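>>> Show me the folded form of this:
(one chain, ligands or ions: 2)
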Amino acid sequence: MTYIEDFAQIIEEQLERVERMKNAQEAPDFASMDKIVIGTIDGDGIGPIIMDSCRAILEKLLADEIASGKIELRTIEGLTIENRIARMETVPADVLAAIKECDLLLKGPTTTPGKGDGRPNLESANVTLRRELDLFANVRPVVIPEKNIDWIFYRENTEGEYALGSKGVDINDDLSIDFKVTTTAGTTRLARAAFEYARNNGNKNVSIITKANIMKKTDGKFLSLCKEVAEDYPENKVEDWYVDIMAANLIDDKINSNFNVFILPNLYGDIITDEAAQMQGGVGTAGSANIGGRYAMFEAIHGTAPRMVEDGIAEYANPASLCRAAVMMLRHMGMTDKAAVLETALDDVAKALFMPGDGRGNTAYDFTDYVLEHI
Ligand code: IPM
Ligand code: MG
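Ligands and ions are numbered 1, 2, ... in the order given. Modelled structure (predicted):
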């Protein structure tokens with residue numbers, strides 16, 4: 001097959017995806033469900049350590065619901081880099097089937113083989129899961145009370161540069177091409193989720209972030225669709241910014257507290273949310289929700305920290321990010337009181353313990369003990 005035929009096939013697949021999006025399932029009504037299954041996925045590197053901590057905390061927090069059978073915490077095995085390589089599947093089929101039997105997922109970080117690191121070229125498990133479960137909104141809050149910063153990022157999670165990230169083409173030794181995708185359905189549903197949040201949380205300032213002056217088709221479409229959706233929410237102040245100047249604005253203390261809700265395409269959302277998380281105290285402190293129709297997956301914003309594992313200091317990993325994701329999960333389920341209890345304990349443990357992640361200070365076990373005592 002020539003690359004022209006490859007490209008035709010890519011277009012076919014994307015058009016099929018557009019049709020599937022039009023028939024997407026609605027979110028379940030958790031309050032009326034007899035049983036909610038939460039799948040927990042350890043992941044790689046520091047993943048099992050921080051997941052052990054988070055699971056112990058949830059087992060205590062949800063003890064009544066677990067005892068009555070209303071909630072099941074179900075361990076999903078096999079999403080490890082070893083098993084994925086052995087099977088040569090990004091998410092092995094049986095693991096994906098087990099995942100799809102859950103209602104919600106709490107996921108530790110998973111290794112993504114990079115070009116030239118000696119591992120086979122498997123796609124990122126995150127990207128595969130986001131696509132397979134159609135988790136279109138990546139929601140990442142960043143709160144810095146002393147700077148009066150209260151941000152929430154709505155990052156598009158299935159399209160942009162990620163939709164075909166593993167399907168770029170080396171035309172020859174001199175030319176490589178990647179693809180970027182924007183769809184009407186994909187953008188509109190994300191924008192709607194962001195504006196609904198803004199409406200339900202007190203008419204926020206909404207900033208649409210693109211590079212529509214350069215990526216005229218994909219970002220151009222993203223921007224104009226977001227503006228169209230904005231017309232249904234006239235109570236919000238809506239601005240559009242280019243991603244480069246927004247990266248600067250975020251660290252400008254004279255103006256950064258003016259921003260509230262951000263809507264971003266996938267790759268800019270990836271980059272900008274790491275910047276924002278770093279301002280809050282590091283990527284180890286930020287939770288992340290991947291929201292779809294039928295499914296939702298909650299995870300730490302950071303990776304597997306391979307250097308901590310190599311240096312033998314994995315037990316110093318901070319479970320805060322995964323636990324923040326668990327707070328978002330509890331809210332998503334409508335368990336706002338339990339979410340608030342855990343959130344307060346997380347605010348307290350951040351002040352009480354010293355966890356720089358470099359082998360000094362407190363361990364993940366100290367963290368677990370502290371939080372268990374305070375919930
Ligand atoms: C994130 C991560 C992922 C991404 C990686 C692990 C594929 O950086 O969730 O932000 O790029 O989306
Ligand atoms: Mg990232």
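
>>> How about the residue in the stretch 101-250 of the chain that ligand 1 sits nearest to: what's its closest non-neighbour residue?
Shortest the stretch 101-250 of the chain-to-ligand 1 distance, computed as Cβ to the nearest ligand atom: residue-wise this is residue 124, at 3.8 Å. (Each C-beta comes from the backbone N, C-alpha and C, glycine too.) Nearest residue to residue 124, sequence neighbours excluded (Cβ to Cβ, 6 or more residues apart in numbering): residue 112, at 4.0 Å.

>>> Restrict the lowest-mean-pLDDT helix or strand in the chain to CA atoms and write it as CSV.
Using mean pLDDT, DSSP states H and E, the weakest-scoring helix or strand in the chain turns out to be strand 169-172, at a mean of 89. What follows is strand 169-172, C-alpha atoms only, in CSV (Å, rounded to 0.1, in the frame of the first residue of the first chain):
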residue,chain,number,x,y,z
VAL,A,169,4.4,8.7,7.8
ASP,A,170,8.1,8.7,7.0
ILE,A,171,7.7,9.5,3.3
ASN,A,172,11.4,9.0,2.7
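
>>> Wait, the residue nearest to residue 124 touches residue 128, no?
No. Residue 112 is not in contact with residue 128 according to Cβ atoms under 8 Å; the separation is 10.2 Å.

>>> For residue 222, give me its contacts.
Going by Cβ atoms under 8 Å, 6 or more residues apart in numbering, residue 222 touches 156, 182, 187, 208, 210, 212, 265.

>>> Span of stretch 113-131 from start to end?
Taking Cα to Cα, to the nearest Å, the first and last residues of stretch 113-131 lie 18 Å apart.

>>> Buried residues, it. List them.
Buried positions in stretch 113-131, judged by neighbour count with 16 or more other Cβ atoms under 10 Å: 113, 122, 123, 124, 125, 126, 127, 128, 129, 130, 131.

>>> rewinding a little: which one of the contacts of residue 222 has the most neighbours?
Neighbour counts for the contacts of residue 222 (other Cβ atoms under 10 Å) peak at residue 265, which has 32 neighbours.

>>> Close to ligand 1: what parts of this protein are there?
Proximity of the chain to ligand 1 (Cβ under 6 Å from any ligand atom) is limited to residues 112, 124, 126, 127, 270, 303.

>>> and if we set it to 5 Å?
124, 126, 270 (Cβ under 5 Å from any ligand atom).

>>> For residue 25, state which of the residues you listed is nearest.
Nearest to residue 25 among the residues of the chain next to ligand 1, counting by Cβ to Cβ, is residue 126 at 21.0 Å.

>>> distance of the closest one from residue 82?
Residue 126 is 17 Å from residue 82, where distance means Cβ to Cβ, to the nearest Å.

>>> got the contact list for the top helix by length along the chain?
In the chain, with assignment by DSSP state H, the single longest helix is helix 3-22. Residues from elsewhere that reach helix 3-22, judged by Cβ under 8 Å, 6+ apart: 134, 163-164, 167, 169, 171, 179, 181, 183-186, 189.

>>> low-scoring stretches of this protein, by residue?
Applying pLDDT under 70 to the chain flags residues 1.

>>> Now do the phi/psi pair for the closest residue to ligand 1 within the stretch 151-300 of the chain.
Here the residue of the stretch 151-300 of the chain nearest ligand 1 is residue 270; by Cβ to the nearest ligand atom that distance is 4.5 Å. When read as degrees, to the nearest 10, the backbone of residue 270 gives phi -60, psi -50.
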